[in-house]
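1. after the sequence you'll find the predicted model.
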Amino acid sequence: MSAFWKALLVRAVRALAGAVVWDAALRAVADLMNADLPGDEKRRRVLADLKAAFQYVPTRLLNVAIEVAVLDSKTS
């Protein structure tokens, strides 16, 4: 994915989810990126943390934020 499209995607998710949710997702993904856990376990933990912190944000939006945070952390 080109840098332009990635930056546009990050901006869109940050606008939709909110800067606080985006920053929390980015931090949670970065914290578990190098953990010795299977990918699905990492994702489950990040989603559980975000759902606990942001109970009024739809789960689908949290999932999108997680996916884009993973993309952002892999290409940064």
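-> Sure thing, it's come through. Numbers count the residues shown, from 1 in each chain.
2. tell me which other helices or strands the longest helix along the chain touches.
-> In the chain, with assignment by DSSP state H, the single longest helix is helix 59-75. Helices and strands touching helix 59-75, by 3 or more C-beta pairs under 8 Å, 6 or more residues apart in numbering; DSSP states H and E, are helix 3-17, helix 19-32, helix 39-53. Bear in mind the C-beta positions are built from the backbone N, C-alpha and C, glycine included.
3. what about the protein, any weak spots by pLDDT?
-> 76 (pLDDT under 70).
4. go ahead and flag the most central residue of it.
-> Ile66 (2.4 Å; C-alpha atoms, centre = their mean).
5. roughly how far does that one sit from Phe4?
-> 22 Å (C-beta to C-beta, to the nearest Å).
6. what do you get for Ala53?
-> Ala53 is 31 Å from Phe4, by C-beta to C-beta.
7. quick one on the thing from earlier: next one: the longest helix of the chain to chain centre, how far?
-> In terms of C-alpha atoms, centre = their mean, to the nearest Å, the centre of helix 59-75 is set 3 Å apart from its chain centre.
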